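Asker: show me the folded form of this:
(3 chains)
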Amino acid sequence: MTTVDSSVPGRGGALPRLGLAWVTWRQHRFAFYVLLGMLAGFAVLMVDGGLQARSTYDRLGLARCTSFAGGRCFQLRDELFSWYPAQLPFLFLLLLPAAFGAVIGGPLIGRELETGTYRFTWTQGAGRTRWLLTKLFLIASVLAAVAEAYGALYTWYNAPLDHVMRFGFGDYLGFELGGIVFPVQTLLAFTAGVFAGLLTRRTMVAVGAVFLGSFGLIAALVFKLRRYYMTPLVTAGRIGPRDWVVGRAYVDPTGHLLDTGQSHILFTKYLAQLPSSSDGPSVSYRDWLQARHYTIVTSYHPAGRFWTFQFIEAGWMGLLILLLGIATVWLVRRRIG
Amino acid sequence: MSAGVAIETAGLGKRYGRTWALRDCSLAIPGGHVVGLVGPNGAGKTTLLSLAVGLATPTTGQVRVAGGMPAGSAAALDAVAFVAQEAALYRNLSVADMVRVGRSLNRRWDTGRVQARLAELGIPLKKKVGALSGGQRSQVALTLALAKRPELLILDEPLAALDPVARHDFMAALMAAVSEDGVSVVFSSHVVAELERVCDYVVVVHDGRIQVSGEVEELVAGHHVLTGPAEQADVVAQRFPVVRDRRAFAQAHLLVRAADPSAAPPGWQRQSVGLEELVLAYMREPSASVLPGPKSAPGEQVAC
Amino acid sequence: MDVDKDGSPSPIEFRLDPGSGVPTYLQLVQQVEQALRLGYLRQGDQLPRVKDVVAGLAINPNTVLKAYRELEHRGLVAGRRGIGTFVEGTLDRVGLREQTALHKSMLAWMRTASEAGLDEDGMAALFTAALHDLRQGRDGRTDEGDGGGRTGVVA
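Answerer: So this is what the prediction gives:
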């Protein structure tokens, strides 16, 4: 009537193959389906849009242009730009690392503690360390892959526009999605979510706090902090098309640096002399200044720093991920009854 | 199968923040018993069991289980099964999936036994664990615990949430497992009345300390109630350790620790006590921290 | 958990009276003796398997083992390893005639006691005490093992 499963050896045997992986899958498959569903929706959007963008690009004949500084190519470029839908909707992509990380990381331990199920799971033969490491590793892998897929899709979709616009590498979503920081940000939010769930023992508190915190951090990085990773270069000349301009200052003919107020007054003067109607000949601000012997000083990060910046960001975040991971494992191991 | 100790502690203590949930506890529960761990709510029962299954780590001292394995070690996790309070299972999983979770997390798993037991209990495999009755859920938890074929089975308040029928069925299933496997059982309960039928060993915890620990037969044989005239009560109290002292102006009932209270003054009536009465007496009088004398079995001692 | 459905090999089944104050193992012993006296159990019959008793009554298996050991000690049953416990001896049944005579003399004693002013409970207490003395005189030991009565008077 009762027989020991012949496929399972006795004491000192091994755990069932892929047993822990199955547990992870069973507990998180719903999240996985949602994740995949969202990615699929996004993919449809991006592939459809990207194909249309390419046909528009071909139709306009932009491939024949070598420079977009002026003339017909400049107009064609604007035409392509206006074909792309407003870029604002894609700012939601900035939310994704925080959202995915918090929603999937928060409950990982938090829910086990909240509902008491850890008392079942952590007293089984596999032990809690193995259980935790398997879960962290598998889910982190999936999250990283999904995040990277988002990045790749967006980058492909945006490639025609990126080709003609030549944005500075730190402006725009190119830096978020074109390198390795997007998955790393996602993993950071995920690890923080797991850790917060462990500390608070409340799933919703952990999810909420980590989502807001991670998004705040990413927004701060994008709009304020990232530019300080390295000291910008300064030049009085022109900068390359992909260089990231982080500051501009004006030097008057006597060699004095203008402060903000003075710069503003200067710009107002420039506007005042412009012809009132748009059809009259106009002069660019740069030419107007040069004619009056002002110098423009630009601080910028050269385009070649793209990967350096990627690695700096991935580096410190990776270190934080590692520390949070170690702290989580340590706390789980020596916990808390 | 269950030679050696079930749970052995030395100088064990656990502190949460500033309060000691369990303190300076040395205890050796021999294997092969059904052990009732009793005490009022908050006495430290759950803490002691958490330490024994390795969910909590001791602040001081150490715990060994199932014949000397450190609690929570890989070997101990294989040999010890735990049924947590309110049957801590994944309620959103079906019974079948819950079983598979158990199988996936253990080196040793008796699939045939699980299937047979669930079929016998008439528990539908497709039903969600959360949709089962409390009694069924406890039975599933017990089934999963027994599927490991553990040497030691630890249960934290397994009866607390069950109605009388479910309690009976649960205990019957547990006792059947004991008779089949010879598994050692330690379970906590704040209900004393059920103990007498099932336990042959009892541990009383009070306020983070072990108050009583011993075999039921020895405890019962080692205590008597003496009834006699109140004016002689002090004489009796000098001769025997008194656990409970009830006096009116004429008559006194003294629950004393003595296997043979023939030294009582003539005319005093003696009555044997039941386990329930004995345990309640100890729980009511924590100050009378009378511990049973040294045990006959080697290595079995109590000093808390 | 119905024992019968498992195909219990025994002609009898145990029940427990939790309020009786009689230790569980002794209740089992008494029920086997009763069944022997009343003819429910005969030589060669099997006692309920420990597993079945335990599953039916939710009691500690050691209790059942203890009861069966006690019965074995009294020479009524014998355990066969791996098979079960079987009835070996019989209890001498007291003849009907003898029983009637004893009943009569007991009644006479009770009338005397009643005339002396003893009520029913008093008689019962006296009977229990006397029974206790009889038992002590017979096997020359204290009743610490709890021979059925839970009350005794310290000598």
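Asker: grab the nearest non-local neighbour of the residue most central in space within chain C.
Answerer: By C-alpha atoms, centre = their mean, chain C has its centre lying nearest to residue C:30, at 2.1 Å. Closest residue to residue C:30 apart from its sequence neighbours, by C-beta to C-beta, 6 or more residues apart in numbering or on different chains: residue C:22 at 7.3 Å. No exception for glycine: its C-beta is placed from N, CA and C like everyone else's.
Asker: doesn't the one you found belong to a strand?
Answerer: No: counting by DSSP: H, G, I helix; E, B strand; the rest coil, residue C:22 is not found in a strand; it is coil.
Asker: where's it relative to chain A, distance?
Answerer: 35 Å (C-beta to the nearest C-beta, to the nearest Å).
Asker: neighbours of that residue, how many?
Answerer: Residue C:22 is flanked by 17 other residues according to other C-beta atoms under 10 Å in any protein chain shown.
Asker: okay, it: pLDDT?
Answerer: Predicted confidence (pLDDT) at residue C:22: the value is 81.
Asker: gap between it and residue A:185?
Answerer: 73 Å (C-beta to C-beta, to the nearest Å).
Asker: then residue B:47?
Answerer: From residue B:47 to residue A:185 the distance is 41 Å (C-beta to C-beta).
Asker: swap in residue C:89?
Answerer: In terms of C-beta to C-beta, residue C:89 sits 84 Å off from residue A:185.
Asker: looking at the two, which is more packed in?
Answerer: More crowded of residue C:89 and residue A:185, by other C-beta under 10 Å: residue A:185, with 26 against 13.
Asker: picking that back up, isn't the residue nearest to residue C:30 up against residue C:31?
Answerer: No: with contact defined as C-beta atoms under 8 Å, residue C:22 does not reach residue C:31; the gap is 10.5 Å.
Asker: and stretch A:240-256, what's buried?
Answerer: Using 16 or more other C-beta atoms under 10 Å in any protein chain shown as the test for burial, stretch A:240-256 gives A:242, A:243, A:244, A:246, A:250, A:251.
Asker: contacting residues around the fourth one?
Answerer: Counting by C-beta atoms under 8 Å, 6 or more residues apart in numbering or on different chains, residue A:246 makes contact with A:170, A:227, A:232, A:299, A:300, A:301.
Asker: pLDDT score assigned to it?
Answerer: Value for residue A:246, per-residue pLDDT: 85.
Asker: neighbours of the closest residue to it other than its chain neighbours, how many?
Answerer: Using C-beta to C-beta, 6+ apart and skipping residues adjacent in sequence, the residue nearest residue A:246 is residue A:227, 4.5 Å away. By the criterion of other C-beta under 10 Å, residue A:227 has 19 neighbours.
Asker: does residue A:227 count as helix, strand or coil?
Answerer: Three-state call for residue A:227 (three-state DSSP): helix.
Asker: next up, the contacts around it.
Answerer: Contacts of residue A:227 (C-beta under 8 Å, 6+ apart): A:170, A:244, A:246, A:301.
Asker: how close does the first one get to chain B?
Answerer: If I follow you right, that is residue A:170. Using C-beta to the nearest C-beta, residue A:170 is found at 45 Å from chain B.
Asker: ok, now the third one?
Answerer: Distance check for residue A:246 against chain B: by C-beta to the nearest C-beta, it reads 50 Å.
Asker: and the helices in the chain?
Answerer: All of this refers to chain A. Here chain A has its helices, by DSSP state H, at A:19-60, A:71-83, A:96-115, A:118-121, A:128-165, A:174-177, A:181-200, A:203-220, A:260-273, A:285-291, A:306-333.
Asker: meant chain C, my bad for not saying
Answerer: Going by DSSP H, chain C shows helices at C:24-38, C:50-57, C:61-73, C:96-115, C:120-139.
Asker: those helices: lowest mean pLDDT?
Answerer: helix C:120-139 - the lowest mean pLDDT of these, at a mean of 82.
Asker: wait, does that helix contact chain B?
Answerer: No: against chain B, helix C:120-139 shows no contacts by C-beta under 8 Å from any C-beta of the partner chain, the least distance being 10.2 Å.
Asker: so where is the stretch 101-250 of chain B shaky, pLDDT-wise?
Answerer: By pLDDT under 70, the stretch 101-250 of chain B has no low-scoring segment.
Asker: residues from it in reach of chain C?
Answerer: So the stretch 101-250 of chain B meets chain C at B:168-169, B:171-176, B:178-180, B:196-200, B:221, B:226 (C-beta under 8 Å from any C-beta).
Asker: and if we set it to 6 Å?
Answerer: B:168, B:169, B:171, B:172, B:175, B:176, B:178, B:179, B:197, B:198, B:200, B:221 (C-beta under 6 Å from any C-beta of the partner chain).
Asker: give me the subset of the residues you listed lying in helices.
Answerer: B:168, B:169, B:171, B:172, B:175, B:176, B:178, B:179, B:197, B:198, B:221.
Asker: from residue B:114, how far off is the nearest residue to the third one once chain neighbours are set aside?
Answerer: If you skip the residues right next to it in sequence, residue B:171 has residue C:58 as its closest partner in space, 3.8 Å away by C-beta to C-beta, 6+ apart. Remark: distance between residue C:58 and residue B:114 (C-beta to C-beta) = 21 Å.
Asker: do residue B:136 as well
Answerer: 14 Å.
Asker: one more: residue C:91?
Answerer: Distance, residue C:91 to residue B:114, by C-beta to C-beta: 45 Å.
Asker: the more surrounded of these two?
Answerer: For residue C:91 versus residue B:114, neighbours defined as other C-beta under 10 Å are more numerous around residue B:114 (21 against 15).
Asker: which secondary structure element contains the more buried one?
Answerer: Under the criterion of DSSP states H and E, residue B:114 resides in helix B:111-121.
Asker: ok, is the helix or strand just after that helix in contact with chain A or not?
Answerer: Per DSSP H and E, the first helix or strand lying C-terminal to helix B:111-121 is helix B:134-147. No: Helix B:134-147 does not reach chain A (C-beta under 6 Å from any C-beta); its nearest approach is 7.7 Å.
Asker: so which bits of helix B:134-147 are buried?
Answerer: So, applying 16+ other C-beta under 10 Å, buried residues of helix B:134-147: B:135-147.
Asker: how far off helix B:111-121 does it point, in degrees?
Answerer: Angle between the axes of helix B:134-147 and helix B:111-121 is 160 degrees (criterion: axes from the mean of the first three to the mean of the last three C-alpha atoms, to 10 degrees).
Asker: just give me how far the very next helix or strand once past helix B:134-147 sits from the chain centre.
Answerer: Per DSSP H and E, the first helix or strand lying C-terminal to helix B:134-147 is strand B:152-155. Relative to the centre of its chain, strand B:152-155 is centred 9 Å away, using C-alpha atoms, centre = their mean, to the nearest Å.
Asker: give me the residues contacting stretch A:102-116.
Answerer: Stretch A:102-116 has contacts (C-beta atoms under 6 Å, 6 or more residues apart in numbering or on different chains) with A:31, A:118, A:189-190, A:193-194, A:197-198, A:201, A:203, A:206-207, A:210-211, B:88.
Asker: buried ones in it?
Answerer: Across stretch A:102-116, burial judged by 16+ other C-beta under 10 Å covers A:102-115.
Asker: I'd like the residues you listed laid out as a markdown table, including pLDDT.
Answerer: Converted to a markdown table, the buried residues of stretch A:102-116 look like this (pLDDT from 0 to 100):
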| residue | pLDDT |
| --- | --- |
| A:102 | 94 |
| A:103 | 95 |
| A:104 | 95 |
| A:105 | 95 |
| A:106 | 94 |
| A:107 | 95 |
| A:108 | 95 |
| A:109 | 95 |
| A:110 | 94 |
| A:111 | 94 |
| A:112 | 94 |
| A:113 | 93 |
| A:114 | 93 |
| A:115 | 93 |
